[in-house]
Every structure is written in structure tokens, then in C-alpha cells.
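>>> what's the 3D shape of this:
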Amino acid sequence: MPERITILGDGAMATVCSIMLTQRGHQVLMWGALEENIERLFATSRNRRTLPGVKVPDTVRLTANDADCFQDCTLALSAVPTQYLRASWGRVARYLPAGVPVVSVTKGIENGTLLRPSQIIAEIVGAGHGIAVLSGPNIAGPSWPGIARRPRWPHVAIWNWGDACKPCSAPSGFGSIPTAT
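Numbers count the residues shown, from 1 in each chain. As a prediction, this is how the structure comes out:
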């Protein structure tokens, strides 16, 4: 069953995820913190800043509106760089519907706290949201040219998924993915 996925972020990883998810029939909305970046994506359908020449699918809806970003979503995918993660989620967390799981594709740790992105998200969104992490050899830039030619095997680590888990809701958009819980 197709998911209605909100991707937080408008960079390379968000773009690649939007392509992969729409190719598998999911409805995708991409949120960006800066209105000018979203307007540029809307006008050109290309993410020239981070992935020149790669077209954002026409079916991807774009917004910089915090209040509308999670409307009707069944899954949130966080693709915001670690240094902007706390501020971005701080803006939009109050609009995340109860029980909607969050998948993070953000790498790194937060300066000062040494928290992983999944820990930052969990701290901000609070209880009641499953948190999963997608990681592995799937860095957006190097992955994009090879998506059609050779499989990449990202891994999903599910942490604190709890009652928010719907069978296969997080991994289904990415094909067959070895998982660990």
C-alpha cells in the first residue's frame, strides 16, 4: 500500500529519496526550511545546488510551509543535515501527527551534545513516534548515478518503533533492505 511520505530537507539525500520513493508508487511531499530553495526547485524541477542535472519527479509536492508539511502523511523521512536538525525539527515537530513514524537518513553527531540524529529527533518529537535509521553505502551524490545499474544495500535500524510500526512501512519504499532491530 502506498505511503504518504513527508521528506524534511531539500538537499541531495532528500532528492534521491524522493526519486526512489515515487518510483515505487509512494506520494511524496518535500519540505525545505528556506522558501527560496523550494521556489527554485518548483521553478526548475532540478536541485542544481546539490545534484546538478537530476530532476525532481513532477509528482513530488514542494513546500516551505511548516504548518502544511505533515498534512495527511503516514511516514516522515528526515534528510536534514545534522547541524540544522534541531532547528528544523523544532520548527515543525508540533505539526507531526500523533503516531507517525520517523525514518532518519541523516548521518553524523550533534556538536556539543554528541547525540545521534535519531536521538535529537526523538528528544524533539517526544514519545509516541517510532524512530528508525536508514544508513549504509547510500550517500546521495555517489549513489545516484548507480541506482539504476547496481544495487546499494542500505540498512534499517529500528529504535523505539513501538506501536507506531506498520509492517514494512519504512523499508517498502527502498526495496529489499536487510534489517536489524
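>>> what about the spatially most central residue of the chain, helix or strand, and which?
Residue closest to the average C-alpha location in the chain (Cα atoms, centre = their mean): residue 77, at 2.7 Å. When elements are assigned from DSSP states H and E, residue 77 belongs to strand 75-78.
>>> Could you do residue 19 as well?
Using DSSP H and E, residue 19 sits in helix 12-23.
>>> Which neighbouring elements make contact with that helix?
strand 4-8, strand 27-31, strand 51-55, strand 75-78, helix 140-143 (3 or more Cβ pairs under 8 Å, 6 or more residues apart in numbering; DSSP states H and E). Backbone N, C-alpha and C define where each C-beta goes, glycine included.
>>> now the farthest one out in this structure, which residue is it?
residue 112 (23.9 Å).
>>> helix/strand/coil for that residue?
coil (DSSP: H, G, I helix; E, B strand; the rest coil).
>>> What's the separation between it and residue 103?
25 Å (Cβ to Cβ, to the nearest Å).
>>> my read: residue 53 touches residue 46, true?
Yes - the pair residue 53 / residue 46 is scored as a contact, 7.1 Å apart, by Cβ atoms under 8 Å.
>>> Residue 22 - how many residues pack around it?
As a burial measure, residue 22 scores 19 neighbours (other Cβ atoms under 10 Å).
>>> Isn't it up against residue 56?
No - Residue 22 lies out of contact with residue 56 (Cβ under 8 Å); the separation is 9.1 Å.
>>> what pairs with the residue lying closest to residue 76 once chain neighbours are set aside across the strands?
Excluding its sequence neighbours, the residue lying closest to residue 76 (Cβ to Cβ, 6 or more residues apart in numbering) is residue 102, at 4.6 Å. Beta bridges link residue 102 to residue 76, residue 131 when assigned by DSSP bridges.
>>> got the contact list for residue 102?
Contact partners of residue 102, counting by Cβ atoms under 8 Å, 6 or more residues apart in numbering, are 75, 76, 77, 78, 96, 121, 125, 129, 130, 131, 132.
>>> Just the pLDDT at it, thanks.
Looking at residue 102, its pLDDT reads 96.
>>> what about it, distance to residue 22?
Taking Cβ to Cβ, one finds residue 102 at 19 Å from residue 22.
>>> ok, now residue 124?
Counting by Cβ to Cβ, the separation of residue 124 from residue 22 is 27 Å.
>>> what about this structure, any weak spots by pLDDT?
136-181 (pLDDT under 70).
>>> From residue 32, how far off is residue 39?
If you go by Cβ to Cβ, the gap between residue 39 and residue 32 works out to 9 Å.
>>> wait, I meant residue 65
Using Cβ to Cβ, one gets 10 Å for the distance from residue 65 to residue 32.
>>> Tell me which of the two has more neighbours.
Taking neighbours as other Cβ under 10 Å, residue 65 and residue 32 compare with residue 32 leading, 23 against 13.
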